[in-house]
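J.: Show me the folded form of this:
(one chain, ligands or ions: 1)
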Amino acid sequence: MSEKFEAHEIRDRIVINYKYTMGGQSKFFIELMKNKKILGTRCKKCDKVWMPPRINCSDCFEDTEWIELKPEGEILISTIAWFTTSAFIQNVPYAMGFIKIEGADTGMLQGIFSDNLVPTKIKKGKKVKAVFNKYREGKMTDFFFVPEEEYENWISKSDFEGGG
Ligand SMILES: [Zn+2]
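T.: This is a model prediction of the structure:
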């Protein structure tokens with residue numbers, strides 16, 4: 001007897017609860033969440049200031065120390081995002097760019113929001129300030145940058161506030 005195999009399938013789902021650690025960068029996320037502070041690290045040997053923070057200097061491999069940086073800086077390079085993941089879909093279009101925070105020697109990639117997003121608002125050298133979510137989870141999405149002339153308007157919105 002020749003009979004075609006037919007697999008019986010049942011649709012089900014798997015739920016996975018997990019947590020992960022930020023490891024040596026944990027202090028950055030804790031200070032961001034609790035105190036709205038942006039911390040970088042400074043190399044104990046060559047004084048280079050890393051932002052995002054690194055626990056060891058990538059130039060001379062020495063230990064670094066935590067330092068608080070001002071929640072403002074300038075745009076090194078930027079672009080406008082029209083496609084994104086579900087996490088940011090409500091913000092499209094928005095800008096993102098490498099921001100050189102005042103006092104840092106390196107740039108960090110972060111979102112740049114504007115009430116009137118046009119290329120001149122996010123051009124190289126433009127001054128930006130950090131705006132923090134009122135509800136923070138200790139994630140990079142707890143804050144974003146805005147053109148400095150829009151800062152007061154952004155921190156007056158109910159979901160956001162200025163740096164600590
Ligand atoms: Zn160094």
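J.: contacts and neighbour counts: CA atoms only from here.
T.: Noted.
J.: What residues does the chain have near the ion?
T.: For the chain, the residues in contact with the ion under the definition CA under 5 Å from the ion are 43, 46, 57, 60.
J.: Could you tell me which of those residues belong to strands?
T.: Per DSSP state E, strands hold the following members of those: Cys43.
J.: can you redo the residues of the chain next to the ion as a markdown table with neighbour count and pLDDT?
T.: As requested, these are exported to a markdown table (neighbours: other CA atoms under 10 Å; pLDDT from 0 to 100):
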| residue | neighbour count | pLDDT |
| --- | --- | --- |
| Cys43 | 22 | 98 |
| Cys46 | 13 | 98 |
| Cys57 | 22 | 97 |
| Cys60 | 12 | 96 |
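J.: tell me which residues of the longest helix anywhere in the chain are tucked away?
T.: Selection of the longest helix in the chain by residue count, based on DSSP state H, yields helix 26-35. Neighbour-count burial for helix 26-35 flags 27-33 (criterion: 16 or more other CA atoms under 10 Å).
J.: Adjacent strands (with direction) for the biggest strand by length in the chain?
T.: Among the elements of the chain assigned as strand by DSSP E, the one spanning the most residues is strand 72-81. The sheet places strand 72-81 alongside strand 94-101 (antiparallel), strand 127-133 (antiparallel), with pairing taken from DSSP bridges.
J.: Fine by me, thanks again.
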